[in-house]
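Peer 1: Sequence plus the predicted model coming up.
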Amino acid sequence: SQTIHQWPATLVQPVGSPLSLECTVEGTSNPNLYWYRQAAGRGLQLLFYSVGIGQISSEVPQNLSASRPQDRQFILSSKKLLLSDSGFYLCARRDRDNSPLHFGNGTRLTVT
Amino acid sequence: ILNVEQSPQSLHVQEGDSTNFTCSFPSSNFYALHWYRWETAKSPEALFVMTLNGDEKKKGRISATLNTKEGYSYLYIKGSQPEDSATYLCAFPPADSNYQLIWGAGTKLIIKP
């Protein structure tokens, strides 16, 4: 199974509050893991990717951060949410070269 | 700057008709080309990963072709059905990093019953 567990499905948070989104994956060990975001009316934006435990690459400078404390766990965090952080957050995995991305069901975040 | 372009941006097709759309990408240092289907309120679903020039892949009524020399791929849908309504995305990994994907903006397909 290459199942990706992502929660919560929806989240409403006030501006300035912290955020923690968790993604856990099953199946092959040492997958590449990704956090993507789709803002309203926009396409997919890569936020972070990780090729191993503790290894995080950031694609977009912002108030978000990511961590990979275990091989199959990827966490997206923020200390203080902005209105512009609203969007649809997707966790994804990729197991080897030329394999496709597999996405979780996503978290719809609304910052009010 | 590496870029991938998809056309058309949107497409309305009558149910039962066949259709196709295009993904254009840099032909130099080609590694792979991905196609995904993204239905509204769902997460993207992988359709194909293509690596060989001239390759053709098929999944049910959907097929794709690849021309790496000229830098394009076509996605075909035969006998469109309402459930085919979605945004179709293509993406490719840049030569210097197979961990990332550069995404097109997508073709939004709407099937009219």
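Peer 2: Everything's here; your move.
Peer 1: tell me which parts of chain A are close to chain B?
Peer 2: Chain A comes close to chain B at residues A:32, A:43-44, A:46, A:49, A:51, A:57, A:59, A:90, A:94, A:97-106, as judged by C-beta under 8 Å from any C-beta of the partner chain. Where you see a C-beta, it was placed from the backbone N, CA and C, and this is true even at glycine.
Peer 1: I'd say B:Q81 and B:I111 touch.
Peer 2: Yes: B:Q81 lies in contact with B:I111 (C-beta atoms under 8 Å); the separation is 6.5 Å.
Peer 1: Look at B:E83 and give its secondary structure.
Peer 2: Following DSSP: H, G, I helix; E, B strand; the rest coil, B:E83 is assigned to helix.
Peer 1: burial of it, as a residue count?
Peer 2: 8 (other C-beta atoms under 10 Å in any protein chain shown).
Peer 1: With B:T22 instead?
Peer 2: 15.
Peer 1: what sits against the nearest residue to it once chain neighbours are set aside?
Peer 2: Nearest residue to B:T22 in three dimensions, chain neighbours excluded: B:S7, at 5.2 Å (C-beta to C-beta, 6 or more residues apart in numbering or on different chains). The contact partners of B:S7, taken as C-beta atoms under 8 Å, 6 or more residues apart in numbering or on different chains, are B:F21, B:T22, B:S24, B:T107.
Peer 1: gap between B:S7 and chain A?
Peer 2: 15 Å (C-beta to the nearest C-beta, to the nearest Å).
Peer 1: follow-up on the earlier one: closest one of the contacts of B:S7 to chain A?
Peer 2: Relative to chain A, the closest of the contacts of B:S7 is B:T107; by C-beta to the nearest C-beta it sits at 11.7 Å.
Peer 1: That closest one bridge partners, please.
Peer 2: Counting by DSSP bridges, B:T107 is bridged to B:Y88.
Peer 1: Quick check: A:Q6 touching A:L21?
Peer 2: Yes: using C-beta under 8 Å, A:Q6 makes contact with A:L21 at a distance of 7.4 Å.
Peer 1: Now the common contact residues for these two.
Peer 2: Contacts common to A:Q6 and A:L21, judged by C-beta under 8 Å, 6+ apart, are A:C91, A:T107.
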